[in-house]
Every structure is written in C-alpha cells, then in structure tokens.
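[1] sequence isn't available, so here's the structure alone:
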Ligand SMILES: [Zn+2]
C-alpha cells in the first residue's frame, strides 16, 4: 500500500476535504449536537494541516495561505 504523503501539492486538496467534512458535520450538528463538536475538530485539523505542510519544498518558508494555485515561491523564486 502506498503511503499517503502530504506535500505542498496535495495539502489544499486535503484542506478542502477536511473543511467540507467539517462543515457537513457542523450542519448535521443542528440535528444531532455531538456531530457539531466533531465538525469543529475537523475544521481545526484542516487549519493545522495547512499551517504544518503549506510551505516551500526548497527553502521551507510558509507560503501565502490564501493562494492555493501559487506557481513560484515568493521567497526563493523556485518553481513549486
Ligand atoms: Zn522557497
């Protein structure tokens, strides 16, 4: 089995997945409150994943959070 590796290319995919599931659970929480807690935790996890892994593979600097389609590192200028 191939181990899932988190890097700057798939971190935004993972963030969307976690955020989508988190928002879905928060909405479900209006019917069943414990789901809201789980949804909140997933949303926090999404932010943590981005904070930890959304960085340049060349220089290691954190990349702009909002720009998921960035092509070049703004710090070292290398292709991402
Ligand atoms: Zn860089």
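    Yes, it's here. Here the structure is a predicted model, which means the values were calculated and not measured.
[2] centre-most residue in this structure?
    Note on the chain: the residue nearest the mean C-alpha position is residue 15, at 2.8 Å, using C-alpha atoms, centre = their mean.
[3] thought it was touching residue 46?
    Yes - counting by C-beta atoms under 8 Å, residue 15 touches residue 46, with 4.9 Å between them. Every residue, glycine included, has its C-beta placed from N, CA and C.
[4] what separates stretch 54-71 from the chain centre, distance-wise?
    12 Å (C-alpha atoms, centre = their mean, to the nearest Å).
[5] can you list the neighbours in contact with it?
    7-8, 11-12, 50-51, 73-76, 78-80 (C-beta atoms under 8 Å, 6 or more residues apart in numbering).
[6] ok, residue 27 - contacts?
    residue 39.
[7] what distance do you get for it to the ion?
    38 Å (C-beta to the ion, to the nearest Å).
[8] helix, strand or coil: sort out that residue for me.
    Using DSSP: H, G, I helix; E, B strand; the rest coil, the structure places residue 27 in helix.
[9] try residue 48
    helix.
[10] that one: neighbour count?
    11 (other C-beta atoms under 10 Å).
[11] distance from the centroid: which residue in the protein tops it?
    The chain, farthest from centre, C-alpha atoms, centre = their mean: residue 31 at 26.8 Å.
[12] which helix or strand contains that residue?
    Per DSSP states H and E, residue 31 falls between elements, in no helix or strand.
[13] correct me, but residue 72 touches residue 79?
    Yes - applying C-beta under 8 Å, one finds residue 72 in contact with residue 79, separated by 5.9 Å.
[14] which residue packs closest to residue 24, ignoring adjacent ones?
    residue 39 (7.0 Å; C-beta to C-beta, 6 or more residues apart in numbering).
[15] give me the phi and psi for that neighbour.
    Phi and psi for residue 39, reported as degrees, to the nearest 10, are phi -60, psi -40.
[16] from what I can see it touches residue 32, true?
    No - using C-beta under 8 Å, residue 39 is not in contact with residue 32, being 10.8 Å away.
[17] who has more neighbours, these two?
    For residue 39 and residue 32, the more surrounded residue by other C-beta under 10 Å is residue 39, and the numbers stand at 20 against 10.
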